[in-house]
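Asker: 3D model of this:
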Amino acid sequence: QVQLVESGGDLVQPGGSLRLSCAVSGLTFSRYTMSWYRQAPGEERELVASLGSTGGSTTYADTVKGRFTISRDNGKNTVYLQMNSLKPEDTAVYYCRARITVGSITVADYWGQGTQVTVSS
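Answerer: Got it, this is the predicted structure:
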């Protein structure tokens, strides 16, 4: 059974930092592209950051570039999102995603349940 379990969400003041973790089990972690998405109330889910299976290809949303860093530890089957200089507009539920694509076709796709991040004074 595949499981993606996010943790690390919290209430933090503007300018603060958080590190989210996503522990993955039930699949060959090193084969998967890992991503973080977020969804704010009333908004669509959006890509925050993505990291290739070998760790060599990263993508960031423009709104988080220079503030957030995605990383992975294939030995621990875990992906991280380090979030610095947090802003109120970063408030959202953050989701972890594991996906394998062949060309443009998604052949495997799993999501976690999400962790709440609230940035407020």
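
Asker: list the buried residues in stretch 65-75.
Answerer: Going by neighbour count (16 or more other C-beta atoms under 10 Å), the buried part of stretch 65-75 is F68, T69, I70, R72, N74. (Each C-beta comes from the backbone N, C-alpha and C, glycine too.)

Asker: what of stretch 74-91?
Answerer: By neighbour count, with 16+ other C-beta under 10 Å as the criterion, the buried positions of stretch 74-91 are N74, N77, T78, V79, Y80, L81, M83, L86, D90, T91.

Asker: just give the closest residue to the second one, not the sequence neighbours.
Answerer: Distance criterion C-beta to C-beta, 6 or more residues apart in numbering; nearest residue to N77, sequence neighbours excluded, is F29 at 4.2 Å.

Asker: quick one, what contacts that neighbour?
Answerer: Contact analysis of F29 by C-beta atoms under 8 Å, 6 or more residues apart in numbering lists N74, N77, A98.

Asker: got those as TSV, with secondary structure, distance to R19 and pLDDT columns?
Answerer: Formatted as TSV, the contacts of F29 follow (DSSP: H, G, I helix; E, B strand; the rest coil; distance: C-beta to C-beta, whole Å; pLDDT from 0 to 100):
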residue	secondary structure	distance to R19	pLDDT
N74	coil	18	92
N77	coil	17	96
A98	strand	19	97
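
Asker: relative to T59, which of these is nearest.
Answerer: A98 (15.3 Å; C-beta to C-beta).

Asker: beta partners for the closest one?
Answerer: Per DSSP bridges, the residues bridged to A98 are M34, Y110.

Asker: with S25 instead?
Answerer: Q3.

Asker: residues contacting it?
Answerer: So S25 contacts V2, Q3, N77 (C-beta under 8 Å, 6+ apart).

Asker: measure it to N77 for me?
Answerer: 6 Å (C-beta to C-beta, to the nearest Å).

Asker: one more: G42?
Answerer: For G42 relative to N77 (C-beta to C-beta), the value is 33 Å.

Asker: same question, G26
Answerer: G26 is 9 Å from N77, where distance means C-beta to C-beta.
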